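Chemist: quick one, fold the following:
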Amino acid sequence: MTSAVMNSKRYIGNIEAPFIQEMSEVTHLMWSLGWDELNGGNISYLLDEAEVKKYINIHESLRTIDLTFPVTELAGKYFIVTGSGKYFRNVIKDPEANLGVLRVNEHGKSVEILWGLREGAVPTSELASHFMSHIERLKVDPTHRIVLHTHATNVIAMTFTHDLDELKLTKTLWEMCTECLVVFPDGIGVVPWMVPGSSEIGRATADKMKEFRVVIWPQHGIFVTGPMMDATFGLVETIEKAATIYNLIGVREVKQSITDQKLADLAAAFRVSPKEGVLEL
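Modeler: Coordinates of the predicted model:
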């Protein structure tokens with residue numbers, strides 16, 4: 001067990017839920033990497049009712065918060081989410097103040113707070129984007145559980161200097177590290193710059209989630225999804241590493257690279273299917 005998780009257990013009282021420990025650890029890690037300054041970043045994690053009720057009384061809600069958007073597809077589902085305006089660096093010290101376990105009501109029009117979000121705190125302001133993305137990812141991947149948004153530094157930097165065409169951006173990232181094609185063969189989605197926290201950016205992101213597990217918000221950050229916390233965080237790590245290499249190369253001459261044929265050979269060796277239209281063979 002990591003020291004981060006051990007520290008978090010000292011602060012969660014009688015609740016030693018694995019999903020609280022995971023959220024405490026990953027938020028602390030992302031803050032330590034410099035990706036989530038101030039109150040930047042947010043995470044939502046779809047939970048099983050059986051797992052939740054081992055640690056939390058699901059028969060009594062602390063309060064109800066109305067949603068500005070209906071999510072009937074998620075009715076009755078449980079989530080743990082980061083709070084609006086909360087700092088990732090503080091989660092591990094006081095999870096109950098910075099995280100919340102909630103249940104979408106039977107009509108999909110409100111959420112019941114079952115634990116956490118102490119002193120009137122509310123879920124992340126990006127909840128619309130998260131819920132809409134959960135809905136779309138569950139349609140294509142029934143094992144889906146995590147939506148993670150973070151301000152990965154080099155990914156943001158890359159959106160200032162690289163063409164934001166999805167196929168071109170995907171190909172550049174694949175060329176930066178041999179493992180990239182294997183880790184995200186489905187490529188990278190991109191939405192235009194929009195005001196964060198709005199239903200508009202939520203809908204645009206969710207539309208991309210029909211095809212991609214990863215969506216970049218230019219000059220803002222990255223939205224990543226997955227079935228488990230480790231795999232989802234690892235996806236961000238891989239993309240951020242590739243973006244870092246791209247930024248380090250800068251305007252210097254590239255004397256050798258991973259060619260399209262090499263990428264095709266790599267895909268065949270690891271039995272993944274590269275997104276159509278990226279490779280030119």
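Chemist: hmm, Tyr78 is touching Val101, no?
Modeler: Yes - with contact defined as C-beta atoms under 8 Å, Tyr78 counts as touching Val101 (6.8 Å). Just so you know, the C-beta spots here come from the backbone N, C-alpha and C atoms, and that holds for glycine as well.
Chemist: quick one, which of those two is more surrounded?
Modeler: Val101 (27 against 24; other C-beta atoms under 10 Å).
Chemist: part of a helix, is that one?
Modeler: No - according to DSSP: H, G, I helix; E, B strand; the rest coil, the state of Val101 is strand, so it is not within a helix.
Chemist: now it, which residues is it bridged with?
Modeler: Ile80, Trp115 (DSSP bridges).
Chemist: before we move on, what about Leu46?
Modeler: Beta-bridge partners, per DSSP bridges, of Leu46: Phe79.
Chemist: tell me how many other residues crowd it.
Modeler: By other C-beta under 10 Å, neighbour count at Leu46 equals 19.
Chemist: any idea how far it is from Glu106?
Modeler: For Leu46, the distance to Glu106 equals 17 Å [C-beta to C-beta, to the nearest Å].
Chemist: what does Ala231 give?
Modeler: 31 Å.
Chemist: the more surrounded of the two?
Modeler: Ala231 (15 against 10).
Chemist: list the buried residues in the helix or strand where that one lies.
Modeler: Take DSSP states H and E as the rule and Ala231 turns out to sit in helix 229-249. Counting neighbours by 16 or more other C-beta atoms under 10 Å, one finds that the buried residues in helix 229-249 are 229, 232-233, 235-236, 238-244, 246-247.
Chemist: how about the very next helix or strand once past it as CSV, C-alpha atoms only?
Modeler: Using DSSP H and E, the helix or strand that follows helix 229-249 in sequence is helix 260-270. Output of helix 260-270 as CSV, limited to C-alpha atoms (Å, rounded to 0.1, in the frame of the first residue of the first chain):
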residue,chain,number,x,y,z
ASP,A,260,3.9,4.6,-40.9
GLN,A,261,5.2,1.1,-41.8
LYS,A,262,6.8,0.7,-38.4
LEU,A,263,3.5,1.8,-36.8
ALA,A,264,1.6,-0.8,-38.9
ASP,A,265,4.1,-3.5,-37.9
LEU,A,266,3.7,-2.5,-34.3
ALA,A,267,-0.1,-2.7,-34.5
ALA,A,268,0.1,-6.2,-36.1
ALA,A,269,2.6,-7.4,-33.4
PHE,A,270,0.3,-6.2,-30.5
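Chemist: list the contacts of helix 260-270.
Modeler: Trp174, Glu175, Thr178, Leu181, Val182, Pro185, Ile258, Ser273, Pro274, Leu279, Glu280, Leu281 (C-beta atoms under 8 Å, 6 or more residues apart in numbering).
Chemist: and the gap between the third one and Asp230?
Modeler: Yep, that's Thr178 we're talking about. Per C-beta to C-beta, Thr178 is found 21 Å from Asp230.
Chemist: now the first one
Modeler: With distances taken as C-beta to C-beta, Trp174 is found 22 Å from Asp230.
Chemist: now the strands for the stretch 101-250 of the chain?
Modeler: 110-116, 146-150, 189-190, 214-217, 221-226 (DSSP state E, counting those that start in this stretch).
Chemist: among those, which is nearest His28?
Modeler: For the strands of the stretch 101-250 of the chain, proximity to His28 was assessed by C-beta to C-beta; strand 146-150 is nearest, at 12.7 Å.
Chemist: partners of that closest one, with directions?
Modeler: Partners of strand 146-150, by DSSP bridges, with direction: strand 42-47 (antiparallel), strand 221-226 (antiparallel).
Chemist: in stretch 133-144, what counts as buried?
Modeler: If you call a residue buried by 16+ other C-beta under 10 Å, then stretch 133-144 has these buried ones: Ser133, His134, Ile135, Glu136, Arg137, Leu138, His144.
Chemist: restricted to helices, list these.
Modeler: Taking DSSP state H, the ones among those that sit in helices are Ser133, His134, Ile135, Glu136, Arg137, Leu138.
Chemist: turn the residues you listed into a markdown table, columns for distance to Val191 and pLDDT.
Modeler: Formatted as a markdown table, these follow (distance: C-beta to C-beta, whole Å; pLDDT from 0 to 100):
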| residue | distance to Val191 | pLDDT |
| --- | --- | --- |
| Ser133 | 12 | 96 |
| His134 | 17 | 97 |
| Ile135 | 17 | 97 |
| Glu136 | 13 | 97 |
| Arg137 | 16 | 97 |
| Leu138 | 20 | 97 |
